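Trainee: Got a predicted structure plus its sequence, pasted below:
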There are 2 protein chains.
Amino acid sequence: MDVKPSQGSRRELTKTQNRETILEAARVVFAQLGYANATVRDIIRATPLASGTFYNYFKSKEQVHQALRDEEALILRPRLARARAEARTAEEFIAASFRAFFWFEADKGEAGSERFRLDSPEVLAGFAELRQDIERAMARGLMPPADVGLLTAALAGVAFELAEEVKRGAEVEKVTQFATALFLNGIGGLPSV
Amino acid sequence: MDVKPSQGSRRELTKTQNRETILEAARVVFAQLGYANATVRDIIRATPLASGTFYNYFKSKEQVHQALRDEEALILRPRLARARAEARTAEEFIAASFRAFFWFEADKGEAGSERFRLDSPEVLAGFAELRQDIERAMARGLMPPADVGLLTAALAGVAFELAEEVKRGAEVEKVTQFATALFLNGIGGLPSV
DNA sequence: GGTTAAATTGACGCTGCGTCATGGCCCGCT
DNA sequence: AGCGGGCCATGACGCAGCGTCAATTTAACC
């Protein structure tokens, strides 16, 4: 009958280390070869571990990738939440969201340019948060009421697509102002629900 | 010294047929297994041809996929061009573009839900056309002047993301009106160039 | 130190990849 | 109609990556 292994136990430690080793190797390999060309073998070869060990930690290349996206989302989400929490007007709400997102993406650079489905848990949670915050803003009268689902999707679409421009070198502040102006004026005339 | 083989020649005919056979098989296989899981072997197995033959027509799974996207773009582009050519106001321009795009995507249904880089020649040409049409519209005073690159990207982002909603069952007309209103009001307050 | 459970290892069988030598078929010419 | 040349389909081949699993090492606990 085993008690849950203590946090500081040797076993737990190397387990965490191995996981991190694999993730770090994956980051490098994906950046070098691109996600599509990279193989599980490439990742473990960039590691002192054996091929079998990989599968103790992840089921597939896809899952490592998801874990990496999750790590990112885990950094980004609080930033977005904070930025929006401080917003007192619709403009602040929108501008702060875009700005936080664009700065974050800008740091990743061209490397992170591949397109993916957005189905990792943390990312979905981020979407849900955005949607909730929009609903609250509408309830408070900060924004006029409109179809929240469509508005969320539109915001996301603009954010993702303009993020590409930012990665290609466009100025964050300029793009932020563009996106903010577009929505701030745009939501005024939306068909009401 | 060969003359270019006549169009009706037997050889040319089966070549065209084989190409079409492969593309059709690919359509089916991608729909069934999803692009990521499908293999070149799956495609040729869905065909009376031998594996080597595949490589006479396409270099990779990726290239077949691109050819399929190109076929789609080849249908969609004239529709968009026509819709926009008839536009006499900004509203008509924007609404017609979204409407044509959403109807097209709606027909594909959930099947075509995977996300891809948009780098096939025909698709890029479609982007370029959109951008040009916007520039012309601005020149004619139909739209206020703004950063064309950012505006194009924003339009594309909203179009792609809302298309997902349409595929999930949202009403085309409702979504079209939403997107149109968003941009029609939005472009009014954009930072001028 | 001995016992046991857990985690690591790499070899294994299998599947898909892209190539290439072979052979058949179409075409144009006589 | 028969011949010759070139084009293209064919499928076997060597190679690489996949995910598994029996054997082995390592850590934990007594």
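Mentor: All right, it came through fine.

Trainee: mind checking pLDDT for residue A:130?
Mentor: Looking at residue A:130, its pLDDT reads 94.

Trainee: ok, now residue A:10?
Mentor: So, for residue A:10, pLDDT stands at 86.

Trainee: In contact with it, which residues?
Mentor: By Cβ atoms under 8 Å, 6 or more residues apart in numbering or on different chains, the contact list for residue A:10 is empty. C-betas here are computed from N, CA, C, even on glycine.

Trainee: ok, now which ones touch residue A:93?
Mentor: A:84, A:87, A:133, A:137, A:142, A:143.

Trainee: any idea which of those residues has the most stuff around it?
Mentor: residue A:143 (23 neighbours; other Cβ atoms under 10 Å in any protein chain shown).

Trainee: Show me where chain A has its helices.
Mentor: With DSSP state H as the criterion, chain A has helices at A:10-33, A:40-45, A:51-57, A:61-85, A:90-108, A:121-139, A:148-167, A:172-186.

Trainee: near DNA strand C at all, stretch A:13-23?
Mentor: Yes. Interface with DNA strand C: stretch A:13-23 contributes A:14, A:15, A:18 (Cβ under 7 Å from any atom of the strand).

Trainee: which one among the contacts of residue A:93 gets closest to residue B:23?
Mentor: Using Cβ to Cβ, residue A:133 is the member of the contacts of residue A:93 that sits closest to residue B:23, with 44.9 Å.

Trainee: one step back: export the residues of stretch A:13-23 next to DNA strand C to TSV and tack on pLDDT?
Mentor: Below are the residues of stretch A:13-23 next to DNA strand C laid out as TSV (pLDDT from 0 to 100):
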residue	pLDDT
A:14	96
A:15	97
A:18	98
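
Trainee: Filter those down to the buried ones and express that as a ChimeraX selection.
Mentor: Entered in ChimeraX, the line below selects the buried ones among these, by 16 or more other Cβ atoms under 10 Å in any protein chain shown:
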select /A:18
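
Trainee: of the residues of stretch A:13-23 next to DNA strand C, list those near DNA strand D.
Mentor: Answer for the residues of stretch A:13-23 next to DNA strand C near DNA strand D (Cβ under 7 Å from any atom of the strand): residue A:14.

Trainee: Tell me how many other residues surround the residue in chain A positioned nearest to DNA strand C.
Mentor: Chain A approaches DNA strand C most closely through residue A:52 (1.8 Å), counting by Cβ to the nearest atom of the strand. Neighbourhood size, residue A:52 [other Cβ under 10 Å]: 8.

Trainee: Same question for residue A:104.
Mentor: Residue A:104 has 17 nearby residues by other Cβ under 10 Å.

Trainee: my read: it touches residue A:76, true?
Mentor: Yes. Taking contacts as Cβ atoms under 8 Å, residue A:104 lies within contact range of residue A:76: 5.2 Å.

Trainee: Give me the residue at the spatial middle of chain A.
Mentor: residue A:73 (3.7 Å; Cα atoms, centre = their mean).

Trainee: show me the contacts for that one.
Mentor: Counted by Cβ under 8 Å, 6+ apart, residue A:73 has contacts A:120, A:122, A:123, A:125, A:126.

Trainee: got the residues of chain A near DNA strand C?
Mentor: So far as Cβ under 7 Å from any atom of the strand goes, chain A lies against DNA strand C at A:2, A:11, A:14, A:15, A:18, A:48, A:49, A:50, A:51, A:52, A:53, A:56.

Trainee: Which residues are in contact with the fifth one?
Mentor: So that's residue A:18. Counting by Cβ under 8 Å, 6+ apart, residue A:18 makes contact with A:49, A:53, A:56, A:57.

Trainee: of the residues of chain A next to DNA strand C, closest to chain B?
Mentor: Nearest to chain B out of these is residue A:51 (Cβ to the nearest Cβ; 21.5 Å).

Trainee: related to what we said a few turns ago, for the residue nearest to the residue nearest to the centre of chain A when sequence neighbours are not counted, give me the pLDDT.
Mentor: Leaving out its chain neighbours, the residue that sits closest to residue A:73 by Cβ to Cβ, 6 or more residues apart in numbering or on different chains is residue A:122, at 3.6 Å. pLDDT, residue A:122: 88.

Trainee: State the number of residues packed around residue A:135.
Mentor: Based on other Cβ under 10 Å, the number of other residues close to residue A:135 is 15.

Trainee: count of residues packed around the residue lying closest to it once chain neighbours are set aside?
Mentor: Nearest residue to residue A:135, sequence neighbours excluded (Cβ to Cβ, 6+ apart): residue A:148, at 5.6 Å. For residue A:148, the neighbour count with other Cβ under 10 Å is 17.

Trainee: quick one: contacts of the helix or strand of chain A with the lowest mean pLDDT?
Mentor: For chain A, using mean pLDDT, DSSP states H and E, the weakest element among its helices and strands is helix A:121-139, scoring a mean of 92. Residues outside helix A:121-139 that contact it (Cβ under 8 Å, 6+ apart): A:69-70, A:73-74, A:76-77, A:80-81, A:84, A:90, A:93, A:97, A:118, A:143-146, A:148-149, A:151-152, A:155-156.

Trainee: Try it again at 6 Å.
Mentor: Applying Cβ atoms under 6 Å, 6 or more residues apart in numbering or on different chains, the contact partners of helix A:121-139 are A:70, A:73, A:74, A:77, A:84, A:93, A:143, A:145, A:148, A:152.

Trainee: Can you tell me which of those is closest to residue A:174?
Mentor: Residue A:174 has its nearest neighbour among the contacts of helix A:121-139 in residue A:93, at 19.5 Å by Cβ to Cβ.

Trainee: ok, now how distant is that closest one from DNA strand D?
Mentor: Per Cβ to the nearest atom of the strand, to the nearest Å, residue A:93 is found 43 Å from DNA strand D.

Trainee: so what's that residue closest to, chain neighbours aside?
Mentor: Nearest non-adjacent residue to residue A:93 (Cβ to Cβ, 6+ apart): residue A:87, at 3.8 Å.
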